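1. Model the structure of this input:
(4 chains)
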There are 2 protein chains.
Amino acid sequence: MKRPTIADIAGRAGVSKVAVSYALNGQPGVSDATRARIVAIAEEIGWRPNSAARALNGARANCVGLALCRPARILGVEPFFMELISGIEGVLANRSYALLLQVVTSHEQESEVYRRWWGESRIDGVFLVDLHYSDSRVVELERLGMPVVVIGHPTESGSLSAVWSDDGEAVRETVGYLVALGHRRVARVAGLPELVHTTVRDQAFEQACEGVAEHVTVHTDYTGEEGARATRRLLSSPNRPTAIIYDNDIMAVAGMSVAQEMRVEVPRDLSIVAWDDSPLSQVVRPPLTALTRDIPAYGAHAAQRLLALIAGETVPPYEDRAAVLTPRGSTGPAHSV
Amino acid sequence: MKRPTIADIAGRAGVSKVAVSYALNGQPGVSDATRARIVAIAEEIGWRPNSAARALNGARANCVGLALCRPARILGVEPFFMELISGIEGVLANRSYALLLQVVTSHEQESEVYRRWWGESRIDGVFLVDLHYSDSRVVELERLGMPVVVIGHPTESGSLSAVWSDDGEAVRETVGYLVALGHRRVARVAGLPELVHTTVRDQAFEQACEGVAEHVTVHTDYTGEEGARATRRLLSSPNRPTAIIYDNDIMAVAGMSVAQEMRVEVPRDLSIVAWDDSPLSQVVRPPLTALTRDIPAYGAHAAQRLLALIAGETVPPYEDRAAVLTPRGSTGPAHSV
DNA sequence: GTATGAGGGTTATCCGGTTCAGAGAGGGAG
DNA sequence: CTCCCTCTCTGAACCGGATAACCCTCATAC
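-> Residues are numbered from 1 along each chain as shown, chains lettered A, B, ... in the order given. Okay, here's the model as predicted:
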């Protein structure tokens, strides 16, 4: 039950391998009649191009890579990555591109994965996510000279193409909204401080609060436990915040539970905003005011740009739409304590 | 900046390509001195075996596939798949195997992806998840003759190897626990009815309740909205259940919110159990009693078996540990209404 | 002195598809 | 009738590595 090759087709059709190759690739050099005959036979015996043989001729691997550097327990809880992948795949599937996925535990390991994939000619390009400052992976990828689309802020992506969204704008919108509601003490429970987008949000937060509200930022590892702990600390402080912005929804939910535990009522005594809207935000009581973003679309844009890059086009940084605030029941006017 | 090949190494070392091939693959036929020299050169110039060239010689592709057939919004919310993938990857990474991922929207499309991957020699085997009854994908994969590990119940996996866990046992344990707490009207908010594991749980649920408690099962699509709707309906019925078992945690959280909305107190008036423990279960108030399972380990077991299958070994069905009940604050003794 | 064999290489082929340089056949122009 | 060109198709080489088969040298055994 060997897989059929173009030689088999050539034998049946009574022509050479070359004619078959031309016919199946839509190249000139065969008559329409012969082409039709060859195509019919190929279809009949279920022929597929051997991707290895094609790749060997310097052709593309028709495959791109994505490495995720987060512990399993966080990856599972963050809907972000799965939604991003779904969006990426929507674009890739149309062009018969495959996605190679790897979960790694360090940047060194991640760079090694890139070197291996690229060295083995397994992929034509990669997506880089969770950008850090002075990111060693950027340097490594520039060195390899492989097509890359960074999903993150272009100031830190070096010479690599970036797809990003203005988190600062979303922060300003949120703070403006909270201040308008009368909040004067606002906290932010942020994610990993080494991530560029965390710092971007941190800075925008500070600037937006400057002069209009007291502000404090606490960093966490995105887990519910740390979100809960941070909330407990914030709500225990002498003049506790009347509003908290969380960097993901699981922490926001955890924070809301802590508030409830401490008899701090949401939204009466505390307003809560979650970054990245997900179904979770809508099923809790009260439903969470969230910063909504079309993540699959974000992934799709990145994929389009990576394919363009692979095709040899030059790809300028692309700024996707910023997250927009979706007010729900977890935010309300501030009450003086 | 061409990638170095064994021919380059051969040139530098002053030997033939074959000697290099032997040396780098640990085969006999070269002296230790020559081997050391060749290995040193290979390392120096950063040589990597071209995966396409290797695959072309009938060697393995060193890659396995996974296709997920669920809409993006559900994939994102279910931590199950990401955790499964993490577990799979732990095993694959050790053996330098890559994972090809694709999100599809129908079984036909999924089968087509398998045909293409296999026909193109891209993969050595696949994982099959979300088994249905009379699953067309099983037939297709048997026809293709490719190594497959089904992550699901072995009665429906045909001749394919299966890795599974006894959901029935977990259901019995849960029902037993609820009955011991005095519950006599128990409901189950189940997932997609066409999935084998849903039916397995449904049947075990009915049997376990038989004679000891009234029972009712409602099917949903795993989303929070449907979980909420089902809960609303259940709690509005004339003799409403005093305990509900949900097929995932997002629905359990949604159900708890609905209960709160309807002034049904958890766990006083209603006990809630969630299938598949996740960090989410622990951050809500009260924390959810959940059926805990080590999903990464589950994935790892499946991966080990797929690799064994690819290596030509025969792999009997493997029964992983059943989910165990982790009681938390969302369950308590039943009160007569 | 010759047969035997192991150690260390080499040459030739193959995997499946692509690409380049031609080779015949047929047609139109001069 | 010849020249030239186009159309259709073929042989051969190539991509990078694996592998079967064979070759040479030197050491050992008889």
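2. immediately after the lowest-mean-pLDDT helix or strand in chain A, which helix or strand?
-> Ranked by mean pLDDT, DSSP states H and E, the helix or strand of chain A with the weakest confidence is helix A:72-77, at a mean of 80. With elements assigned by DSSP states H and E, the helix or strand that comes after helix A:72-77 is helix A:79-94.
3. Distance of the closest residue to DNA strand C within the stretch 101-250 of chain A relative to B:R54?
-> Per Cβ to the nearest atom of the strand, A:S121 is where the stretch 101-250 of chain A lies closest to DNA strand C, at 12.5 Å. C-betas here are computed from N, CA, C, even on glycine. Going from A:S121 to B:R54 by Cβ to Cβ, to the nearest Å gives 10 Å.
4. the more surrounded of the two?
-> A:S121 (22 against 16; other Cβ atoms under 10 Å in any protein chain shown).
5. Kindly list the main-chain dihedrals of the more buried one?
-> When quoted as degrees, to the nearest 10, the phi and psi of A:S121 stand at phi 60, psi 30.
6. looking at it, it is touching B:S51, isn't it?
-> Yes - under the criterion of Cβ atoms under 8 Å, A:S121 makes contact with B:S51 at 6.1 Å.
7. Which neighbours do these two have in common?
-> A:A55 (Cβ atoms under 8 Å, 6 or more residues apart in numbering or on different chains).
8. where exactly do the helices run in the stretch 51-200 of chain A?
-> A:51-56, A:72-77, A:79-94, A:107-119, A:136-144, A:167-180, A:196-209 (DSSP state H, counting those that start in this stretch).
9. Take those helices and lay them out in TSV including distance to DNA strand D.
-> Formatted as TSV, those follow (distance: least, Cβ to the nearest atom of the strand, whole Å):
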stretch	distance to DNA strand D
helix A:51-56	4
helix A:72-77	33
helix A:79-94	25
helix A:107-119	9
helix A:136-144	16
helix A:167-180	43
helix A:196-209	36
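10. mean pLDDT lowest for which of those helices?
-> The minimum mean pLDDT among the helices of the stretch 51-200 of chain A belongs to helix A:72-77 (a mean of 80).
11. Contacts made by it with the rest, please.
-> Against helix A:72-77 from outside (Cβ under 8 Å, 6+ apart): A:68, A:81, A:103, A:221-224, A:250, B:79-80, B:82-83, B:86-87, B:278-280, B:295-296.
12. Output the set of residues of the stretch 51-200 of chain A in proximity to DNA strand C.
-> A:A53, A:R54, A:L56, A:N57, A:A59 (Cβ under 7 Å from any atom of the strand).
13. and the closest residue to the first one other than its chain neighbours, what does it touch?
-> Using Cβ to Cβ, 6 or more residues apart in numbering or on different chains and skipping the chain neighbours, the partner closest in space to A:A53 is B:L56 (5.7 Å). Residues near B:L56 by Cβ under 8 Å, 6+ apart: A:N50, A:A52, A:A53, A:L56.
14. shaky segments in the stretch 151-300 of chain A?
-> Along the stretch 151-300 of chain A, the model assigns pLDDT under 70 to no residue.
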